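J.: Predicted coordinates and the sequence they were generated for:
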Amino acid sequence: MAWQVINREIAAAPADGKPLLTEEVKAKIARFFPKYETRRAVLIPALHVVQETFGNVSYQAMKEIGEFLAVPPSEVLDTMSFYSHFWTGDRGRKVIVVCRSLSCQVMGHEALLEALRRHLAISEHETTPDGQWSLMTEECLGACEHGPCMLINERLHAKVRPDDVARILADPNCDKE
Amino acid sequence: MAFEPVLSRNFNVPGSQSIDVYRQRGGYRAIAKALEMGRDAVAEEVKKSNLRGRGGAGFPAGTKWSFLPPNRTVTYLCVNADESEPGTFNNRYIMELDPHMLLEGILIAGYTTRATIAYIYLRVEYHKAYRILQKALEEAYAANLFGKNILGNPDFSMDCYIHRGAGAYVCGEETGLIESLEGKRGWPRIKPPFPAIAGAFGKPTVVNNVETLSCVVPIIDRGAAWFASIGLPPASTGPKLYTVSGPVKRPGCYEAPLGLTVRELIEGKDFGQGMQDGKKIKAVIPGGLSVGFLTSDELDCKLDFDDPRKYGLLGLGTAGAIVIDESVDLRQVLMNIARFYSTESCGQCTQCREGTMWIYKIARRIASGTGRLEDLDLITEITATMGMMTGRSICGHADGATFPLKTLIKKFRLDFENYIRNQKGVAEVIAAQ
């Protein structure tokens, strides 16, 4: 029997065959070029731009970033996978990051996590089926005086008690300053 | 005599983030003065102040600048704003409440070291600081404080860019930071060569912490002699932004001269104001996680560059205290620390990667209730006598892991023996298995 080979090239490409990185996204990335001696140094800024635009950095995006910056896609993956802030898969529209470092632990981060798990009916590093929420934990967020604290996208919530969870998550602007 | 705030003097002033308020309060006077003094005089002044780096290692800042080779054409300044040491947030206060003080420090340092570009390596989690710094930078550019011929000086042009990190503790190490800046994984480099000789893009590079650069402003403004009279000279000079967190009444960031005792920081009326709800102190990490633990009997430890060593600690660290009260299960503390160093190890050096991982596994065993007494010796052996871990790694991560782990086991050994002999495991740990 013949080997069945999966054509990963096609599987990874977008359905309409168009490139993921539009001219607009490329222009955003190109703005970083004059700031650095090498194109390679623009990689992390580029990953930020792509993730802010698409919500993640897919393998297709990695390939295209690599082409744009003249960095092999394997090295794009190498750099990207080192950092906890970038992800390849889908995440919820609102990503909750609970600080799990010592100050927040002493102030009760476990009870906060438990309240979030129960409220969203998911575990850590999972996304709700409706794609609204992801629940993550991270090492020190540098807001120890506010422990236990959590980020929802870019907004920091300080001294969150388990009872506060339902109220905070019900606010549609809970991820905006 | 009450201490007059130096670094935090603008923190409570309304509009402190704006260039106008900063100028009204005497801001950008020091850079003008520095340009008049000339590079050599500024470098000499910073050396005389005996300013030591505030990022954790305490290396003299003036000496660091003097390592730059004389015949260089390009110099980079990297501002270490990757503040990720657990318990530490003083840089965040500076960036959120007085961003122009940092920018002025960058200008003075950049002028003195002939830097052409300053990169502020900012940790990605500091979203608010990012927005505030961006705005401050725009204001500074508009006022010709960055760009070409700064303040009309034909001999000084410098750009300043914010480079956002992406979540990696090890990028706070200066060569890890440089690798990350170059678009690679943040693997610390083998030294030498030190960054002063071959740093970012192979060029001479100075890496300074946010608070260190902020200290340069008052040194130039008011003189090295004045700065060196603050604190505990000659080794520990100047003011320091201390942070305190955990169940104290008033957790936060407070300024005092170097040499504040841990007790004052936790209990003083200008600082933490004592414990919440009559809680009792069990242990304190006085300077960011990596320095190690003090017991409740050791609170007279002075937070300067020497005293913490007398208590078996790594050093001053970042002067960010984490207070742990008696209700906390120390097994969870052990597990938390072990997990932190294990997950944040970059994996280059075998002893760090494997050592921290095995300690985490042992810590989990102890927390699950199936620990053995010899596990305590095993952890001590891995941290202290492995002979491979301390001081033989590319960077300080393994040393940073060693101190909290070994001091926790050593100073609270009876507690751990009691846990192992008499107590069930931590419910959450058992549930997670």
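T.: Yes, it's here. What you are looking at is a predicted structure, and each value in this text was computed from that prediction instead of being measured.

J.: ok, is stretch B:325-335 in contact with chain A or not?
T.: Yes - shown here: stretch B:325-335 in contact with chain A (CB under 8 Å from any CB of the partner chain) through B:325, B:328, B:332-333. Every residue, glycine included, has its C-beta placed from N, CA and C.

J.: What residues does the stretch 151-300 of chain B have near chain A?
T.: B:159, B:161, B:163-169, B:180-186, B:200-201, B:203, B:243-247, B:251-253, B:285, B:289.

J.: sorry, back to before: now the residues of stretch B:325-335 next to chain A as a markdown table including neighbour count and pLDDT?
T.: Listed next are the residues of stretch B:325-335 next to chain A as a markdown table, based on neighbours: other CB atoms under 10 Å in any protein chain shown; pLDDT from 0 to 100:
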| residue | neighbour count | pLDDT |
| --- | --- | --- |
| B:325 | 19 | 97 |
| B:328 | 18 | 95 |
| B:332 | 18 | 95 |
| B:333 | 24 | 96 |
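
J.: Let's see which of the residues you listed end up in strands.
T.: residue B:325 (DSSP state E).

J.: I'd like to know how far residue B:190 sits from chain A.
T.: Relative to chain A, residue B:190 is positioned 18 Å away (CB to the nearest CB, to the nearest Å).

J.: For that residue, grab the count of nearby residues.
T.: 10 (other CB atoms under 10 Å in any protein chain shown).

J.: which SS class is the residue nearest to it when sequence neighbours are not counted?
T.: The spatial neighbour of residue B:190 that comes closest, neighbours along the chain excluded (CB to CB, 6 or more residues apart in numbering or on different chains), is residue B:394 at 5.5 Å. Counting by DSSP: H, G, I helix; E, B strand; the rest coil, the backbone at residue B:394 sits in coil.

J.: Return the per-residue confidence for residue B:394.
T.: pLDDT, residue B:394: 91.

J.: doesn't residue B:107 make contact with residue B:115?
T.: No - counting by CB atoms under 8 Å, residue B:115 sits too far from residue B:107 to count as a contact (9.7 Å).

J.: Spell out the residue ranges of the helices in chain A.
T.: A:8-12, A:23-30, A:43-54, A:59-69, A:73-82, A:102-106, A:109-120, A:165-170 (DSSP state H).

J.: now these as a markdown table including mean pLDDT?
T.: Shown next, in a markdown table, are the helices of chain A (pLDDT from 0 to 100):
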| stretch | mean pLDDT |
| --- | --- |
| helix A:8-12 | 48 |
| helix A:23-30 | 97 |
| helix A:43-54 | 96 |
| helix A:59-69 | 95 |
| helix A:73-82 | 95 |
| helix A:102-106 | 96 |
| helix A:109-120 | 96 |
| helix A:165-170 | 96 |
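
J.: give me every residue that touches residue B:311.
T.: B:294, B:298, B:301 (CB atoms under 8 Å, 6 or more residues apart in numbering or on different chains).

J.: Most neighbours among those residues, which one?
T.: residue B:294 (24 neighbours).

J.: what's the spacing between it and chain A?
T.: In terms of CB to the nearest CB, residue B:294 sits 14 Å off from chain A.

J.: How about that residue, nearest residue that isn't a chain neighbour?
T.: residue B:284 (4.7 Å).
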